[in-house]
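Colleague: Below are the sequence and a predicted model; questions follow.
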Amino acid sequence: MTQLTGQPTTDDDVVHLTVPADGGYLGVLRTATAGLAARLQFALDEIEDLRIAVDEACAMLLAIATRDAELDCRFAVTDDVLTVEVTVPTVRGARLPAESSFAWKVLTALTTSASASAADGRATISLLTRRASGY
């Protein structure tokens, strides 16, 4: 398996979490994000930036999620990169915010890269954060 960085990963390097698509459960994803970033020895400010980015991405998806949906979150870990992909089933005709929106500006400011896709009634937001060198 190869992730977005082009670096190989193994199943041991991937964590999957599924939670109800409800704002009350986002704390679970924020905590998992912080724990995995700490494992990679991200700096405290990098960890907090990533937590905020994951929260913002999830908020975007919750706004277009179907009733009683589940938020699927996939964390891929390599030596200095944490990739987070969050997916949710969407209501018919749903659209993610435009890349020029404030929400996207937040995501791109807080991560190394952010992207989104929507197909077959599902929307996915992918966040990639590379640890700053020297840590």
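Modeller: Cool, the structure landed.
Colleague: give me the number of residues near L107?
Modeller: Neighbours of L107 under the rule other Cβ atoms under 10 Å: 24. All C-beta spots, glycine's among them, are computed from the backbone N, C-alpha and C.
Colleague: err, G24, not the other one
Modeller: 8.
Colleague: residue contacts, the residue nearest to the spatial centre of the chain?
Modeller: Central residue of the chain (Cα atoms, centre = their mean): V84, 3.6 Å from the mean position. If a contact means Cβ atoms under 8 Å, 6 or more residues apart in numbering, then V84 has 33, 50, 53-54, 57, 73-75, 126-129 as its contacts.
Colleague: Which residue or residues pair with it through a beta bridge?
Modeller: Counting by DSSP bridges, V84 is bridged to F75, L127.
Colleague: confidence score at it?
Modeller: If you check V84, the pLDDT there is 97.
Colleague: Could you shift the numbering so residue one becomes 796, and keep it that way?
Modeller: Sure, I'll start numbering at 796, so the last one becomes V879.
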